[in-house]
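Asker: The following comprises the amino acid sequence and a computationally predicted model.
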Amino acid sequence: GGHNLCGKTRLADAVDLSAECREVVSNDSGLMQGAAAVGARIQGIYGSSSPLYTPPLPANREIHWLALEWAPCFKRVCPLG
């Protein structure tokens, strides 16, 4: 089973917890990079960002990417609604 700790940890806590995980599912974020750094297997989710710019570097990763023609857009609010 999994545990959802969204909003219940600080970044340092999340990285420590990631070190104890076999696998971490994360969007393109500092959390994904921290989990990769401590050796967790990564399921990296990319929507409006791109793994061509910020991939997790370890080989124990799987990238899920829509490869939309306008990505990466780097906008905080989607201009498409």
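Answerer: Perfect, thanks for sending it. Here the structure is a predicted model, which means the values were calculated and not measured.

Asker: quick one, helices of this protein?
Answerer: 11-18, 30-37 (DSSP state H).

Asker: Comparing those helices, which comes out most buried?
Answerer: helix 30-37 (a mean of 19; mean count of other C-beta atoms under 10 Å). For glycine as for every other residue, the C-beta is placed from the backbone atoms N, C-alpha and C.

Asker: re the thing from before, just so I know, which of the helices of the chain lies nearest A59?
Answerer: helix 30-37 (10.3 Å; C-beta to C-beta).

Asker: Out of the helices of the chain, flag the one nearest N4.
Answerer: helix 11-18 (12.0 Å).

Asker: circling back to that earlier point, quick one: the helices of the chain as JSON lines, columns for mean pLDDT and distance to P79 too.
Answerer: What follows is the helices of the chain, written out as JSON lines (pLDDT from 0 to 100; distance: least, C-beta to C-beta, whole Å):
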{"stretch": "helix 11-18", "mean pLDDT": "89", "distance to P79": "29"}
{"stretch": "helix 30-37", "mean pLDDT": "89", "distance to P79": "24"}
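
Asker: If anything else comes up later, I'll come back, but that's it for now.
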